[in-house]
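Visitor: Need coordinates for the following:
(chains A and B, ligands or ions: 2)
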Amino acid sequence: MEPFKFIRANDPRGAISSMAGSGAKIIAGGTNLVDLMKLNIEKPTQLIDINGLKMQTIETLPNGTVRIGALVKNSDLAYHPSIMKNFPVLSEALLSGASAQLRNMATVGGNLLQRTRCPYFYDTAAPCNKRVPGSGCSAIDGYNRNNAVLGTSKYCIATHPSDMCVAMAALGAVIHVQGPAGSREIPFGDFHLMPAQTPQYETTLKHGELITSVDIPPMPYATRSHYLKVRDRASYEFALASAAVILNINGGRIKDARVALGGVGTKPWRATLAEKVLTGAVNSEQTYRTAAEAALSEAKPYKHNAFKIELAKRTLVHALKTVGGMS
Amino acid sequence: MNEIVGKPIDRVDGRLKVTGKATYSAEYFPKNMVYGVLVLSTIAKGRIKNIDSRQAERVPGFVGIMSYKNSMSLHFPQGADPGAGKFAEKDLLPMQNNRIYYDGQAVAVVMAETFEQAEHAASLVKIDYEIEKPTVGLEGNLSSKYKPAAGMGGAQIQAMRGDADAALHSSEVKFEQTYTTPVYHHNAMEPHATIAEWTGDNLMVYDATQSVTGVRSLLSAMLGAPSDKINVVALFIGGGFGSKGFTWPNTILTAMAAKQINRPVKLVLSRQQMFTTAGRRSQTIQKISFGATSAGKLTSTKHETISESSFVDEYVETAGLATNMLYSCPNVEVSHSLVRLNRVTPCPTRAPGEAPGTFALEVAMDELAYQLKMDPVQLRLVNYADTDEGKSKQFSSKNLKECYRRGAEAIGWAQRNPQVGSMREGDYLVGYGMATATYPANRSPSSAKAILYADGHAEIMCATQDIGTGTYTIMTQAAADIFGLPVEKVQVKLGNSAYPKGANSGGSQVTASVGPAIRAAAVGVLEKLKKMAISDNASPLHGHKEENIFASDGRIHLKDNADKGETYTQLLNRQGLQKVEALAKTNVSNRQQTESNPAAKGTAEASAEEESKTNPAVQEDEHVDRKPYSFHSFGAQFVRVLVDPLLNRVKVDRAVSVMDIGKVMNLKLATNQIMGGMIFGIGMALLEETAYDPNNGRVVTRDLAQYLVPVNADMPQLEVQFIDIPDPIISPIGARGIGEIGITGITAAINNAIYHATGKRVRDLPVTLDKLI
Ligand SMILES: Cc1cc2nc3c(=O)[nH]c(=O)nc-3n(C[C@H](O)[C@H](O)[C@H](O)COP(=O)(O)OP(=O)(O)OC[C@H]3O[C@@H](n4cnc5c(N)ncnc54)[C@H](O)[C@@H]3O)c2cc1C
Ligand code: SF4
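Guide: Ligands and ions are numbered 1, 2, ... in the order given. Predicted structure coming up:
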């Protein structure tokens, strides 16, 4: 680990101004950042501890929007009564991630910005365009069982590993950030980037911007929602494939559908093609299968991960069946 | 007699462990110590062109860097018996030249005042390589396979009886399949760790090792330092599973570095480094062929194993050895071939040979049973081996039929529908599978010292180690019974090379090897006490016959009249003695390597040998004629799995082990050992695999997020039963080893259950869900 300086910020403004210099980085729960620092992947020279900022609350705004502070712990969010009741998909996604100890430390802001688990990204001796732009991608011709099949480029095929983000993508969350130039809102789908030619850029957050909160807009039918995560072992592993599903069913027809996939995409993957199939269709297994085919229609397999395409389809069908069968 | 042996008492060191007071090898802080961090090669083959440490040297706290350029010269160690210390890679003494043979080879040690500084400085060392094309991947290099002359310590690894080819050719029923197992890593909780401190010519070493005396003899041989000036200590070890059986470069390098800078050095491998630099289980490709009658009687068995080793040592994963004895069959051929790859040398991993070997053999038996439309248990009974046909010897003790019977009953074997894919529970497919477990019962020479103090407490000393298995506890129980003392009054001291030499903690041999020595040493003390009392006018036992005197409740007394006697304290106080001590050495071995390698015969202290000549326990033990016997433990594993038919997730729902391992010394610890083995087996069957980069041969899965060991949520209900019939031949204690057998059989049983549930046979481990889609 490189030596670094450490300061505590007392208010957002202080945090933002401290971020101005190059090499400065925010630390929230530290569960991702510190690991990456130990392995010399992240080398900040200045850490800004934001845990003293007042961003730990979950509140419901008069219009029904739920506003989640960036420092809310993953476990607090998962067990919040209104999240459990109104957005089970989000609660389930959070609880399927990491371990109880990690969830107690991990924050919402940090989860949005967690980095990939591609094994080559973690090995500083391996070429990796995401870590060292232009050095090459070891995974494309290497061992790529866990890599992505959607949104890949010839520069990078790493998955976005978050579970929470998959649920938030389906829920159409909005991210609030504050920077030197003031505040702005970023719709969830515009937050994460696909690798294209520059896999080192992962989000549209600008240097010096602080995530302050995440809004979940009201969605009464989200009480019928589910997150299904499939992995090799029964817990404590990132997804091979996962699906977040929200369905509004009325009279045997699907009025609204929100679908997102995890474990298979280079970003939290809102499956708009599947949503198109589902919206207005009869609520049936046939519909689910067609939607799953659509969701993966643009998937591109690599040597060891072709199975993920079929697995993701089955995962999605399974999740759709579960939600479709809910009363 | 209070008979503490057999009781499920708590670990005597349990409190120390849960309160953090048990000191592991990295947990000492000698004055003036520096931290060493290894720099590893990042190529699999080539040469170091240049080492640039200028940036590292500028790190505050930097103390030094050691590489092949400035390290001391080493001597090649002699002998290959792990009991006497085995350096892991015989042709690659660490940091002696610039050649690189594998990814993760130790190329430099960076030393600094703090761990953080050392880590930082190590990350700044720049090494230029001249890269050569490595030999990568077993499958692609099969044409270079060869048959090694022998296995570890000279073990016989090619075996033949009858004519397996001819018998196969003419058999009514034929079967042939190929099975593969990947590279596995041990993943002991405690990483390899060493602290070395020189004081003049004296060398003190704390090392996470399965053999303190082995490390001492290796350090002595390799560094050219007198063995009696080296002390190696490993009081507590956080698991080894074989990875700490051989000595790896980190231990030697720590001693070299400490010498170079003349300060104590601590060097601990990181978890990532454990995946490249401290051994592994070899990958295997195994072909099994059976010829059988239509009634299921085996007429021919062939087991061909191809495994891989490094370019710097020859380690053979002896997957076929159990096939030579497990079933009755007149024509058997077992062969092992090796392919050399640019990878770190493999080494023993919990049940080396038997773990992958019983996977292939026992899945093949299951396949044969289905082919014959026969119950898999019945097939095993039809081919039950009453004797070891491979060695033409009788078994010292074997109760395997009872294991099958009890296991089948516990899992509800008879209630299952044998039809493949026929059973369901809710949305899940249900499958049942079984397999035979087996592991050799090893025993090696061991010595021990026993001391009885006038205050009525006893101490035992032996240079074996407790690698987390419970050796401290079991030895305390054994000694307590001989002395007639409660466990609180017996203190067992292990893990120090200064004590009389005990067996190394490998091959499941410690209980069977060290137990008799400790028992004999305690008996030796009692003999002395009895003699003292008999010749002491003031003793109530004066003039009585030795054979009429017994020990219990901290006293010696007449066998028929317990009131007539005295406490140890009374006797010793009157004699004006603070303590009475005895040494004993039991020179018994049934290990192949020792038989074939006379140099390996123990070299315990001459005085222990001398004293043992008159020790009745040693004499009786050594005079048992063991030549006609073959020593093995056996067991039956039964599992029930649930398979999600849509997503192909496999859940082991129940797992039952019934084990025939001789006398159960402590039910709690024994159950714990078998459970641990079963958990290992679940990992091996369903999750674990070390992946290598197909292009450059480097390890890809370098941490516990990428290399998946099972977690609690993967655990079934684990049930363990023991036959608990003492083996009178192996030793007076009657216990055979137990540490490894739990992982044999289970992997096949899970695989067989998945087949029963789904009709899909996956012959390549691990059975991950992608292979079932
Ligand atoms: C062993 C392990 C297993 C895991 N398993 C899973 C899993 O199964 N599923 C899953 O989804 N996740 C998993 N995780 C990841 C975990 O969810 C993330 O590590 C965690 O959410 C990160 O949150 P943090 O607060 O600790 O972030 P930190 O580590 O503190 O920060 C992460 C990044 O976010 C930045 N950051 C943090 N807060 C802000 C802010 N408010 N504004 C701007 N930038 C900010 C930091 O600068 C840093 O770059 C696992 C992690 C580990 C270690
Ligand atoms: S997939 Fe992306 S993260 Fe992985 S090696 Fe390639 S560039 Fe790096």
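Visitor: going forward, measure contacts and count neighbours with C-alpha atoms only.
Guide: Noted.
Visitor: How many neighbouring residues does the residue in chain B that ligand 2 sits nearest to have?
Guide: Using CA to the nearest ligand atom, the single residue of chain B nearest to ligand 2 is residue B:700, 10.9 Å away. Around residue B:700 sit 25 other residues, with neighbours defined as other CA atoms under 10 Å in any protein chain shown.
Visitor: what's it sitting at in phi/psi?
Guide: Per-residue torsions, residue B:700: phi -100, psi -40 (degrees, to the nearest 10).
Visitor: okay, it: pLDDT?
Guide: Looking at residue B:700, its pLDDT is 98.
Visitor: Same question for the one 10 residues further on.
Guide: According to the per-residue confidence, residue B:710 scores 97 in pLDDT.
Visitor: my read is it is in a helix, agree?
Guide: No: counting by DSSP: H, G, I helix; E, B strand; the rest coil, residue B:710 is not found in a helix; it is coil.
Visitor: That one is in contact with residue B:685, isn't it?
Guide: No: look at residue B:710 against residue B:685 with CA atoms under 8 Å: they stay out of range, at 10.3 Å.
Visitor: hey, what's in contact with both of the two?
Guide: With contacts defined as CA atoms under 8 Å, 6 or more residues apart in numbering or on different chains, no residue is adjacent to both residue B:710 and residue B:685.
Visitor: one step back: the residue of chain B closest to ligand 2 and residue A:147, how far apart?
Guide: 13 Å (CA to CA, to the nearest Å).
Visitor: same deal with residue B:306?
Guide: The gap separating residue B:306 from residue A:147 is 31 Å, by CA to CA.
Visitor: Which one of the two is surrounded by more residues?
Guide: Comparing residue B:306 with residue A:147 by neighbour count (other CA under 10 Å), the higher total belongs to residue A:147, at 31 against 26.
Visitor: The more buried one contacts residue A:160, correct?
Guide: No: if you go by CA under 8 Å, residue A:147 and residue A:160 don't touch, sitting 9.3 Å apart.
Visitor: Pull up the overlap in contacts between the two.
Guide: With CA under 8 Å, 6+ apart, residue A:147 and residue A:160 have common neighbours residue A:263.
Visitor: Could you list the buried residues of the helix or strand that contains residue A:277?
Guide: Assigned by DSSP states H and E, residue A:277 belongs to helix A:272-278. For helix A:272-278, burial by neighbour count (16 or more other CA atoms under 10 Å in any protein chain shown) applies to A:272, A:273, A:274, A:275, A:276, A:277, A:278.
Visitor: just stretch B:53-64 next, same as before
Guide: Per 16+ other CA under 10 Å, stretch B:53-64 contains these buried residues: B:53, B:56, B:57, B:59, B:61, B:62, B:63, B:64.
Visitor: which one among those residues gets closest to ligand 1?
Guide: Lowest distance from ligand 1 to the buried residues of stretch B:53-64 (CA to the nearest ligand atom) belongs to residue B:59, with 25.6 Å.
Visitor: what's around the closest residue to the closest one other than its chain neighbours, how many residues?
Guide: Closest residue to residue B:59 apart from its sequence neighbours, by CA to CA, 6 or more residues apart in numbering or on different chains: residue B:121 at 5.9 Å. For residue B:121, the count of nearby residues is 30 (other CA under 10 Å).
Visitor: need the contact list for residue B:121.
Guide: Contacts of residue B:121 (CA under 8 Å, 6+ apart): B:55, B:56, B:57, B:59, B:62, B:110, B:112.
Visitor: Doesn't it lie inside a helix?
Guide: Yes: assignment of residue B:121 by three-state DSSP places it within a helix.
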